[in-house]
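Enquirer: The following block contains a protein sequence and its predicted model.
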Amino acid sequence: MAQEVTGTIHFMDGSKIALRWPRQAGTGSQIIAANVKKALEADRMLVEVDGALLLIPLRNVKYIQLSPSPKELPVGVLRGAQIVT
């Protein structure tokens with residue numbers, strides 16, 4: 001069974017949406033890193049949910065939290081950080 005990923009999209013207006021899906025990217029580290037890089041450069045996110053397609057313009061998104069983090073990430077990603085308040 002594929003590992004599940006959870007994601008929470010936090011919008012600029014303070015609202016949020018939580019999603020869960022099976023891991024999509026495959027197993028090759030270069031493929032995973034390339035897919036993460038492509039997502040970071042996109043201007044929108046497309047998500048199929050219960051047979052409907054959501055188009056989410058990223059200009060309305062404050063941040064996206066994914067868990068677990070992909071094992072392979074593009075160069076320049078700060079790893080092992082913690083949120084402190």
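Expert: Good, I have the coordinates.
Enquirer: The residue positioned nearest the centre of the chain: what's it in contact with?
Expert: In the chain, the C-alpha nearest the mean C-alpha coordinate belongs to residue 66, at 5.1 Å (CA atoms, centre = their mean). Residue 66 makes contact with 5-7 under the criterion CB atoms under 8 Å, 6 or more residues apart in numbering. Heads up, the C-betas are built off the backbone N, CA and C, glycines and all.
Enquirer: Show me what counts as buried in the helix or strand harbouring it.
Expert: If you go by DSSP states H and E, residue 66 is part of strand 61-67. Within strand 61-67, the residues that count as buried by 16 or more other CB atoms under 10 Å are residue 64.
Enquirer: which is the next helix or strand following the lowest-mean-pLDDT helix or strand in the chain?
Expert: Within the chain, no helix or strand scores below helix 29-41, which has a mean of 75 by mean pLDDT, DSSP states H and E. The element immediately downstream of helix 29-41 (helix or strand, assigned by DSSP H and E) is strand 44-49.
Enquirer: strands paired with that following strand, and their directions?
Expert: The strands that strand 44-49 pairs with in its sheet are strand 52-57 (antiparallel) (by DSSP bridges).
Enquirer: In stretch 7-19, which residues are buried?
Expert: Neighbour-count burial for stretch 7-19, counted by 16+ other CB under 10 Å, picks out residue 9.
Enquirer: The closest residue to residue 62 other than its chain neighbours and residue 63, how far apart?
Expert: Leaving out its chain neighbours, the residue that sits closest to residue 62 by CB to CB, 6 or more residues apart in numbering is residue 10, at 4.6 Å. As defined by CB to CB, to the nearest Å, residue 10 lies at a distance of 5 Å from residue 63.
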